[in-house]
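Visitor: what's the 3D shape of this:
(one chain, ligands or ions: 1)
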Amino acid sequence: MTTGKPTFSSLLDDLKAWLEYQLEEGNRTVEMDPELLKNLAHIPRRKADQAAADAGLKSITETIKACTNCALNKTRTNTVPGQGAAHPDIMFIGEAPGADEDQQGLAFVGRAGKLLTKMIEAMGYTRDEVFIGNILKCRPPNNRAPMPEEMETCTPYLKAQIALLKPKVIVALGATSVKGLLNIKTGISKLRGQWHTFEGTNLMPTYHPAYLLRNPSAKKDVWDDLKDVLKHLGRKAPPVRKRTG
Ligand code: URA
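Guide: Below is the predicted model:
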């Protein structure tokens, strides 16, 4: 994986690495728009960066949709690859899809997702301006915790997404997210609020929104962590709009 600011050639390197990964996985065909490939050399570089990342992400999404690498494929309704901006400032990573996410094929659209949306908006972003994903791409039955072997099987997809997205900051939501990315088993209350790095990308662990639904008093800690993320990005939270009525 290339590190630092993405350039046209570093993105092409990443795309090449992704295609090689597909080959290693035994996938002989990937979804790729031939027009896009033909035009890649003729379009402005920033657009080409975006196009290469989009093509890579689309390819990962298609691979996830067809994935049968663990037993969760038998119980899922939809895969949940994650969604949002290519090259976002922030990538939020949770644990695994729940019932709503499994139904819609979208990450964080249930109750915890609504709270995450509020957190994102309080930071001055929209959901479309960040990327939202999970350690697992399929729902574990009855929302049980992901098993270690499921995490091991599924995290290469997330890692490939991170390599293409190149977020400026990763926010790891909850202990499973931190464990999946950093292989650290320390409790989230000890880890939160302290910067870590994942393959060169700054990573801030904080509580999962589902935990906040059960423990609203922890919202202040999460807001402190998110303000630290904003400071790191050279941004400030927008002023809070007073509720009317
Ligand atoms: N919890 C998660 O960790 N991820 C989702 O997408 C929804 C709930």
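
Visitor: show me which residues of this structure sit near the ligand.
Guide: Within the chain, the positions near the ligand by Cβ under 6 Å from any ligand atom are 94-98, 101, 107-108, 110, 112-113, 134, 210. C-beta coordinates here come from the backbone N, C-alpha and C atoms, glycine included.

Visitor: if you set the cut-off to 5 Å instead, what comes out?
Guide: 94-95, 97-98, 101, 107-108, 112, 134 (Cβ under 5 Å from any ligand atom).

Visitor: just the ones of those residues in helices?
Guide: 101, 112 (DSSP state H).

Visitor: reformat the residues of the chain next to the ligand as a markdown table; add neighbour count.
Guide: Output for the residues of the chain next to the ligand, formatted as a markdown table (neighbours: other Cβ atoms under 10 Å):
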| residue | neighbour count |
| --- | --- |
| 94 | 29 |
| 95 | 24 |
| 97 | 30 |
| 98 | 22 |
| 101 | 25 |
| 107 | 26 |
| 108 | 28 |
| 112 | 22 |
| 134 | 28 |
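
Visitor: what's the distance between residue 182 and residue 204?
Guide: Using Cβ to Cβ, to the nearest Å, residue 182 is found at 12 Å from residue 204.

Visitor: same check, this time on residue 185
Guide: 18 Å.

Visitor: higher neighbour count, these two?
Guide: residue 204 (21 against 9; other Cβ atoms under 10 Å).

Visitor: that one falls within a strand, correct?
Guide: Yes: using DSSP: H, G, I helix; E, B strand; the rest coil, the assignment for residue 204 is a strand.

Visitor: contacting residues around the residue in the chain that the ligand sits nearest to?
Guide: In the chain, no residue comes nearer to the ligand than residue 94, which is 2.8 Å away by Cβ to the nearest ligand atom. Under the criterion of Cβ atoms under 8 Å, 6 or more residues apart in numbering, the neighbours of residue 94 are 107-108, 112, 116, 132-135, 173-174, 177, 208-209.

Visitor: narrow those to those in strands?
Guide: 132-134, 173 (DSSP state E).

Visitor: quick check, pLDDT for the closest residue in space to residue 31 that isn't next to it in sequence.
Guide: Leaving aside its sequence neighbours, residue 31 sits nearest to residue 62 (Cβ to Cβ, 6 or more residues apart in numbering; 4.5 Å). We have a pLDDT of 97 for residue 62.

Visitor: ok, now residue 97?
Guide: Residue-level pLDDT assigned to residue 97 equals 98.

Visitor: what's near enough to touch it?
Guide: Applying Cβ under 8 Å, 6+ apart, one finds that residue 97 lies in contact with 80, 107, 134, 136-139.

Visitor: equivalent analysis for residue 193, please.
Guide: Per Cβ under 8 Å, 6+ apart, neighbours of residue 193: 204-206, 221, 224-225, 228.

Visitor: kindly supply the ChimeraX command isolating those of those that are buried.
Guide: Only the buried entries of these go into this ChimeraX selection, using 16 or more other Cβ atoms under 10 Å:
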select :204,205,206,221,225,228
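
Visitor: between the contacts of residue 193, which sits nearest residue 58?
Guide: Nearest to residue 58 out of those is residue 204 (Cβ to Cβ; 28.0 Å).
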